[in-house]
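Trainee: following is a predicted model, sequence given first.
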Amino acid sequence: MRNFLGPLVSPGMRTILIVSIPIGASFGVMDVTMPAFAEAEGIPAAAGVLIAAISVGSIPGGLWYGARRFSMPLSRQWAPFLGLTAVGLASLALPATIPQMAVLLALMGFTIAPGVTCALLLVDRVAPAGTRTEAFTWWNTAIVGGLRAATTSRA
């Protein structure tokens, strides 16, 4: 008999969801702050370039991660990528120009695809049998929920 909580009966799944909410929030913060930064620099049209710089870094990060075999178990890979992403996010307070910001965003972006890949692989592993689709939906909800919380105006 299936539990009505589905994948949420798994402690690992609950941990992944709790950690994923601030990840989504950090994505939302970038979606708000990059246009503000570009506008403050007098080039509002550069906002798209800044947001795209994240993807420019994420693509090779994903290719690098996918091409490697790690000796460290998957359960221990996610935290270092989260830590590197956090350092990358903190470094975004440093740039004074749009080109500097774009470079730092690309460097920080390098950690995003590996981090997301680890999270999704972990969801696949910890979701109880027969609940994987629902587990991935919960993960997506956590990411989007964090993103929404970071981008919703309180005015």
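Mentor: Here it is on my side, so go on. Residues are numbered from 1 along each chain as shown.
Trainee: make it CA atoms for all contacts and neighbour counts henceforth
Mentor: Noted.
Trainee: tell me who's in contact with the nearest residue to Ala127 once chain neighbours are set aside.
Mentor: With Cα to Cα, 6 or more residues apart in numbering as the criterion, Ala127 has its nearest non-adjacent residue at 5.2 Å, and that residue is Pro7. Pro7 makes contacts with 13, 127-128, 131-132, 134-135, as judged by Cα atoms under 8 Å, 6 or more residues apart in numbering.
Trainee: what's the closest of the residues you listed to Met108?
Mentor: Met108 has its nearest neighbour among the contacts of Pro7 in Met13, at 25.7 Å by Cα to Cα.
Trainee: SS state for the spatially most central residue of the chain?
Mentor: Computing the C-alpha centroid of the chain and ranking residues by Cα atoms, centre = their mean puts Ile23 first, at 4.8 Å. Following DSSP: H, G, I helix; E, B strand; the rest coil, the label given to Ile23 is helix.
Trainee: what sits against it?
Mentor: Applying Cα under 8 Å, 6+ apart, one finds that Ile23 lies in contact with 143, 146-147.
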